[in-house]
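Visitor: Need a 3D model of the sequence below.
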Amino acid sequence: MPATLNISNVAHVIQLAVAPVFLLTGVGAILGVLINRLGRVVDRFRVLENRLAAADAAAPASHAAEMGVLSRRARMIHWAIGLCTGCALLVCIVIAALFVGSVAGADLSTVIASLFIAAMLALVSGLLCFLREIALATGSIHALPRRTKN
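Guide: Prediction:
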């Protein structure tokens, strides 16, 4: 009979771990978006670096200004990636603690709650960095006059 109780406990822990696993999926999707944005920022920075080396006297100022914005954007994305990755790691530790607590028969509810709160704080902070990066990106868009057709 004890084997049935153990299997029942493990099944219950698996049920509890499903929600954090879905959270990991969402955080993974966010990380994918952040990494793609970082790649685009780095690519644009490299293009401007190459143009800066071959530019005339008027262009370097505009290139340098755009490179400054790109540098700030890259820094925000870097922080967002770090915080979201930290969130994912904390969620993984939550899942492991659920199983360790079940197998060891220990009450880890305070530890699990604290880790989950830390994970949510890391996720919120990462999303705020992402929001700031988006604000930097949209703030650096300058409307160009439309060309008239001849």
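Visitor: Trp79 is in contact with Leu127, isn't it?
Guide: No - the pair formed by Trp79 and Leu127 falls short of the contact definition of CB atoms under 8 Å, at 11.1 Å. In this view, the C-beta of every residue, glycine as well, is placed from N, C-alpha and C.
Visitor: Those two: which is more packed in?
Guide: Trp79 (18 against 15; other CB atoms under 10 Å).
Visitor: show me what contacts the more buried one?
Guide: Applying CB atoms under 8 Å, 6 or more residues apart in numbering, one finds that Trp79 lies in contact with Gly126, Cys129.
Visitor: ditto for the one 5 residues further on
Guide: With contacts taken as CB under 8 Å, 6+ apart, Cys84 has the following neighbours: Val27, Ile30, Leu31, Leu34, Ala122, Leu123, Gly126, Leu127.
Visitor: Filter these down to just the buried residues.
Guide: The neighbour-count criterion (16 or more other CB atoms under 10 Å) marks Val27, Ile30, Leu31, Leu34, Ala122, Leu123, Gly126 among the contacts of Cys84 as buried.
Visitor: Could you report the pLDDT at Phe99?
Guide: What the model reports as pLDDT for Phe99 is 86.
Visitor: Check Val69 too.
Guide: As summarised for this prediction, Val69 has a pLDDT of 89.
Visitor: just Val103 next, same as before
Guide: Looking at Val103, its pLDDT stands at 82.
Visitor: Tell me, how many residues neighbour it?
Guide: Once other CB under 10 Å is used to define contacts, Val103 is seen to have 12 neighbours.
Visitor: please renumber so the chain begins at 29
Guide: Sure, I'll start counting at 29 from here, so that last one is Val131.
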